[in-house]
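Asks: can't give you the sequence, but here's the structure:
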């Protein structure tokens, strides 16, 4: 059995992935890692949120990147139109 055939967490065989680009941003106590990858099934964006070592990840197929970008842009525009926040999240 080669390393590519070994089961991973869910018992599925490991899929070779190539990293095309990675960017990391820090927002308050959270780190977000954006990784554009490619495997035999296609290209995708992996977004990982790391908070104190606990990680959550979503995978977005590249075919959805334009829609995702538009929704994010719309959310940013709406946010800019809102009145300033009073207090913080911890209030």
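Replies: Received the coordinates, thanks. Since the structure is predicted, the reported quantities are computational estimates derived from the model, not experimental observations. Numbers count the residues shown, from 1 in each chain.
Asks: Run a quick neighbour tally on the nearest residue to residue 20 once chain neighbours are set aside.
Replies: Spatial nearest neighbour of residue 20, chain neighbours left out: residue 36 (4.4 Å); criterion: C-beta to C-beta, 6 or more residues apart in numbering. C-betas here are computed from N, CA, C, even on glycine. Residue 36 has 17 neighbouring residues, counting by other C-beta atoms under 10 Å.
Asks: Low-confidence regions, the protein specifically.
Replies: Low-confidence segments of the chain (pLDDT under 70): 1-10, 87-91.
Asks: And the strands in it?
Replies: 18-27, 30-39, 42-51, 54-61 (DSSP state E).
Asks: Would you reformat these as a markdown table and include distance to residue 11?
Replies: Below are these laid out as a markdown table (distance: least, C-beta to C-beta, whole Å):
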| stretch | distance to residue 11 |
| --- | --- |
| strand 18-27 | 24 |
| strand 30-39 | 18 |
| strand 42-51 | 21 |
| strand 54-61 | 18 |
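Asks: So what sits opposite the residue nearest the centre of the chain in the bridge?
Replies: The chain has residue 47 as the residue nearest its centroid, 0.8 Å off, counting by C-alpha atoms, centre = their mean. On the basis of DSSP bridges, residue 47 is bridged to residue 34, residue 58.
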